[in-house]
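Asker: This is the structure alone, sequence omitted:
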């Protein structure tokens, strides 16, 4: 063992050429190029021993125009700073990454071209401190595990593997591998690409890391994004630390409306919740410029009738927090409920009792056979509506996804509460059913 630590800055799935969704178009601060520049700045400021790219740095739809410009400039900056760049190609950039690396020349290496494992030493102060192994895509898909041909770990220095692959997804078209087999290799770390969500797994001082995309592209990629700093000690022990870089963030945010007396108080609760969320995000990552939230409004409120109207107002509105971070609302899910004693109202007979009993079963998740029939009809109506949309992707209109059932239940629940409040408003003893 060399006894020297190796420090790596790891990123992947940049998808140059794409722009985040649900944000204002054409903002240079939100482009992936801005995040790439920040990544290079971090590598230089932190004096890392190498930058690792785990594939899909270019997006398939715009590879040549975007990758050659942005990536080439970034690679030149790193090489000029004396920082080597080691990469593997993924399913999206298998035919462009090598060309960009070759254009830059010495200091940039794409390991494992042609789907053949290759290795290289990483040196520090003239001594080999790490052995890097990598395997790259040669086409858009690979149905077999690259580990089937992995030569194995050997030598006196720690080993780090680079791979663009689908982890624990049997039958994947994107180089399926299992965590068990990665651990069995004995490598200090496996640095993976393909999945856009960061994922760190550790065992006995070793790690498997998906750095995730440094900039999220849509609400399906929530939470913090950036690069990762991976340290590998001379004894092979590896650790990882997230380095926030993203200028955009998507999140789900739940706001409690419990006890809100009227629409004004509902609006105030939402505004305060969004601003507090924004300030917390900015404290975590000062680079953030835009946040997009999907709100869930919950809690028992006597102002339930106002919730739907306020929810409609919130869509596409923008709140600016004290930190300066702008937050937009992409979607609002209403899970609030009236401040009513459903059990008490369900006693007896008549429309109020029937509606209260139905609302109670939906709340508890214990629908009757009759309720299930209502839900099925609602699902069918939603499915027909989806099929009618001209933008429904081919091959998806015949699906019966679970999210449709959840949406149907939520809609039925909301409608039941509205009808219940209307029925109570027409009942002389309506106030008897109120609950704190």
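Answerer: Good, I have the coordinates. Just so it is clear, the structure is predicted and the values come from calculations on it, not from any experiment. Residues are numbered from 1 along each chain as shown.
Asker: Below-threshold pLDDT in the stretch 1-150 of the chain: ranges please.
Answerer: 1-3, 60-67 (pLDDT under 70).
Asker: Pop the domain breakdown of this protein in here.
Answerer: Per the record, the chain has its domains at 6-244, 247-339, 342-436, by automatic domain parsing.
Asker: Output the ones you listed in TSV; the columns should cover mean neighbour count.
Answerer: Every C-beta, even on glycine, is put in place using the N, C-alpha and C of the backbone. Rendered in TSV, the data for these read as follows (neighbours: other C-beta atoms under 10 Å):
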stretch	mean neighbour count
domain 6-244	19
domain 247-339	18
domain 342-436	14
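Asker: just so I have it, where are all the helices in the chain?
Answerer: Secondary structure of the chain by DSSP state H: the helices cover 32-45, 63-66, 72-80, 97-104, 179-184, 263-284, 304-314, 342-346, 351-364, 369-388, 402-425.
Asker: chain center to the last one: distance?
Answerer: Mean-position distance between helix 402-425 and its chain equals 30 Å (C-alpha atoms, centre = their mean, to the nearest Å).
Asker: neighbouring contacts of that helix?
Answerer: 304-305, 308, 333-335, 337-338, 340, 345, 351-352, 355-356, 358-359, 362-363, 367, 374-375, 378-379, 382-383, 386, 430, 433 (C-beta atoms under 8 Å, 6 or more residues apart in numbering).
Asker: go on, stretch 333-342?
Answerer: Counting by C-beta under 8 Å, 6+ apart, 257, 259, 294-302, 304, 307-308, 311, 356-357, 359-360, 363, 410, 414, 417, 420-421, 424, 433-436 sit against stretch 333-342.
Asker: Ok, which of the helices of the chain comes nearest residue 130?
Answerer: Closest approach to residue 130 among the helices of the chain (C-beta to C-beta): helix 32-45, 16.2 Å.
Asker: so where's the stretch 251-400 of the chain uncertain?
Answerer: For the stretch 251-400 of the chain (pLDDT under 70), the answer is 388-400.
Asker: how about residue 57, what does it touch?
Answerer: So residue 57 contacts 12, 13, 14, 15, 16, 67, 71, 87, 90, 93, 97 (C-beta under 8 Å, 6+ apart).
Asker: Residue 319: which of the residues you listed is nearest?
Answerer: residue 15 (28.6 Å).
Asker: With residue 46 as the reference, measure out to the closest one.
Answerer: 24 Å (C-beta to C-beta, to the nearest Å).
Asker: ok, the closest residue to residue 53 other than its chain neighbours - contacts?
Answerer: Spatial nearest neighbour of residue 53, chain neighbours left out: residue 87 (3.8 Å); criterion: C-beta to C-beta, 6 or more residues apart in numbering. Neighbouring residues of residue 87 by C-beta under 8 Å, 6+ apart: 52-55, 57, 97, 101, 108-111, 134, 162.
Asker: next one: residue 159
Answerer: 130, 131, 132, 133, 153, 185, 186, 187, 188.
Asker: Which of the contacts of residue 87 fall in strands?
Answerer: Among the contacts of residue 87, the members found in strands (DSSP state E) are 52, 53, 108, 109, 110, 134, 162.
Asker: Name the nearest of the contacts of residue 57 relative to residue 317.
Answerer: The closest of the contacts of residue 57, once distances to residue 317 are taken by C-beta to C-beta, is residue 15, at 28.8 Å.
Asker: isn't that closest one right up against residue 59?
Answerer: Yes. Between residue 15 and residue 59 there is a contact under C-beta atoms under 8 Å: 4.2 Å.
Asker: Overlap in contacts, those two.
Answerer: In contact with both residue 15 and residue 59: residue 92, using C-beta under 8 Å, 6+ apart.
Asker: out of the helices of the chain, which comes closest to residue 251?
Answerer: Across these, closest to residue 251 is helix 263-284 (C-beta to C-beta), at 7.2 Å.
Asker: Over to the most centrally placed residue in the chain: give its phi and psi.
Answerer: With distances taken as C-alpha atoms, centre = their mean, the residue of the chain nearest its centroid is residue 221 (2.0 Å). Backbone torsions of residue 221, given as degrees, to the nearest 10, read phi -120, psi 60.
Asker: got the contact list for it?
Answerer: So residue 221 contacts 196, 197, 212, 213, 250 (C-beta under 8 Å, 6+ apart).
Asker: what about it, distance to residue 13?
Answerer: For residue 221 relative to residue 13 (C-beta to C-beta), the value is 10 Å.
Asker: residues shared between the contacts of the two?
Answerer: By C-beta under 8 Å, 6+ apart, the residues touching both residue 221 and residue 13 are 196, 212, 213.
Asker: you'd agree the second one is up against residue 198?
Answerer: Looking back up the chat, that one is residue 212. Yes. Using C-beta under 8 Å, residue 212 is in contact with residue 198, at 3.6 Å.
Asker: and which of the contacts of residue 57 is nearest to residue 148?
Answerer: Among the contacts of residue 57, and counting by C-beta to C-beta, the member closest to residue 148 is residue 90, at 18.6 Å.
Asker: Need the nearest residue in space to that closest one, chain neighbours excluded.
Answerer: Counting by C-beta to C-beta, 6+ apart, residue 90 lies nearest to residue 55, which is 2.8 Å off, once chain neighbours are set aside.
Asker: Verify the stated contact: that neighbour with residue 98.
Answerer: No. Residue 55 lies out of contact with residue 98 (C-beta under 8 Å); the separation is 11.7 Å.
Asker: tell me, what's touching the two both at once?
Answerer: Contacts common to residue 55 and residue 98, judged by C-beta under 8 Å, 6+ apart, are 89, 136.
Asker: circling back: rebuild the helices of the chain as JSON lines, extending it with distance to residue 204.
Answerer: Shown next, in JSON lines, are these (distance: least, C-beta to C-beta, whole Å):
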{"stretch": "helix 32-45", "distance to residue 204": "28"}
{"stretch": "helix 63-66", "distance to residue 204": "39"}
{"stretch": "helix 72-80", "distance to residue 204": "32"}
{"stretch": "helix 97-104", "distance to residue 204": "33"}
{"stretch": "helix 179-184", "distance to residue 204": "9"}
{"stretch": "helix 263-284", "distance to residue 204": "30"}
{"stretch": "helix 304-314", "distance to residue 204": "48"}
{"stretch": "helix 342-346", "distance to residue 204": "52"}
{"stretch": "helix 351-364", "distance to residue 204": "45"}
{"stretch": "helix 369-388", "distance to residue 204": "47"}
{"stretch": "helix 402-425", "distance to residue 204": "37"}
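Asker: Among the ones you listed, which comes closest to residue 203?
Answerer: Per C-beta to C-beta, nearest to residue 203 of the helices of the chain: helix 179-184, 6.0 Å.
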